[in-house]
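In: sequence unavailable; structure follows:
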């Protein structure tokens, strides 16, 4: 018997499905130390608003103790004879949980809820670091790997400002100093005042440069859920009275995610994004947040983006990837 199989039977796990009370976010999701936006209940509600899927939430217990939270998105027709279930970057773990043994127990319970059958598609991108043991365990539960590992970069905002800045790579810090010396400044909008303006330039930037990115429709749906909570932030970089770059972030639980941004040629010349991200760290720290997820990175289509984000000195996290 393999070690992974031993894990799968060593601990009991029980899933408890939740209704959708207004305080579900505070009661459950806010307990998560390393929360991510895809598991935020507001993200699920935003996708439901777009008509693409329906969210469903659960907490789960391991050996009788609350161990974590997860959100699935599902679609189904003909009384779920044709059924799709998506668990992206979940489950998310409460303090003291998240080991391979805990994941094995969760996966066994999750498969019992959604057994492999004709007509059902289950997509899983687990919130656990990549390893051969994790891959073997998923294969035991009839999941097949569909994509390479998922990578993101996380910054620890519990450090003081001097430590954060000191962790920047030399060329990144020099670019930041260049922006500061040139008089580039930043302002912050948490009420959605500049959303239409931001998306107009984002749409143009995305079209002209031909890169992949979230749709304008998704960002609007997310804004409709996050803005009333004060959890959507638009940052604008200005130079001599003109806006030269902008970024958009979402806050979720004790952490935040860099979602999208755009730049002008003048912004690139003056390293405006360096200044925006540095000022964003300070702004998020003032709000009491403990981490910033810089978003997915890869070595192929967006190699330069990965290099830029790595310049901030955060932790490169490699998750297991996408399985079906």
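Out: Sure, I can see it. Computed from a prediction, not measured in an experiment: that's the story for all the values here. Residues are numbered from 1 along each chain as shown.

In: can you show me the helices along the protein?
Out: With DSSP state H, the ranges of helices along the chain come out as 3-10, 24-27, 41-49, 100-113, 132-140, 161-167, 170-181, 195-209, 216-226, 265-269, 272-286, 303-310.

In: point out where this protein drops to low pLDDT.
Out: 1-9, 301 (pLDDT under 70).

In: outline the domain layout of it.
Out: Domain assignment for the chain by automatic domain parsing gives 3-144, 153-317.

In: residue 158: what's its closest spatial neighbour, skipping adjacent residues?
Out: Closest residue to residue 158 in three dimensions, ignoring its sequence neighbours and counting by Cβ to Cβ, 6 or more residues apart in numbering: residue 290, at 5.3 Å. The way it works is simple: take the backbone N, C-alpha and C, and place the C-beta from them, glycine included.

In: so the one you found is in contact with residue 33, correct?
Out: Yes - under the criterion of Cβ atoms under 8 Å, residue 290 is in contact with residue 33, at a separation of 7.4 Å.

In: so the two - more neighbours on which side?
Out: residue 290 (18 against 14; other Cβ atoms under 10 Å).

In: can you tell me which residues contact that one?
Out: If you count contacts by Cβ atoms under 8 Å, 6 or more residues apart in numbering, residue 290 has them with 33, 156, 157, 158, 254, 255.

In: try 6 Å this time
Out: Contacts here follow Cβ atoms under 6 Å, 6 or more residues apart in numbering; on that basis residue 290 touches 157, 158, 254.

In: quick one, which of the helices of the chain gets closest to residue 70.
Out: Each of these was scored for nearness to residue 70 using Cβ to Cβ, and the closest is helix 100-113 (8.3 Å).

In: gap between the residue nearest to residue 92 when sequence neighbours are not counted and residue 168?
Out: Distances taken as Cβ to Cβ, 6+ apart place residue 32 nearest to residue 92, at 4.4 Å, with adjacent residues excluded. Going from residue 32 to residue 168 by Cβ to Cβ, to the nearest Å gives 27 Å.

In: repeat that for residue 176.
Out: Taken as Cβ to Cβ, the spacing of residue 176 relative to residue 168 amounts to 7 Å.

In: neighbour-wise, which of those two wins?
Out: Neighbour count, other Cβ under 10 Å: between residue 176 and residue 168, residue 176 has more, with 23 against 19.

In: for the more buried one, which non-adjacent residue is spatially closest?
Out: For residue 176, the nearest residue in space outside its immediate sequence neighbours is residue 274; the separation is 4.3 Å by Cβ to Cβ, 6+ apart.

In: contacting residues around that neighbour?
Out: 175, 176, 179.

In: brilliant, that's me finished.
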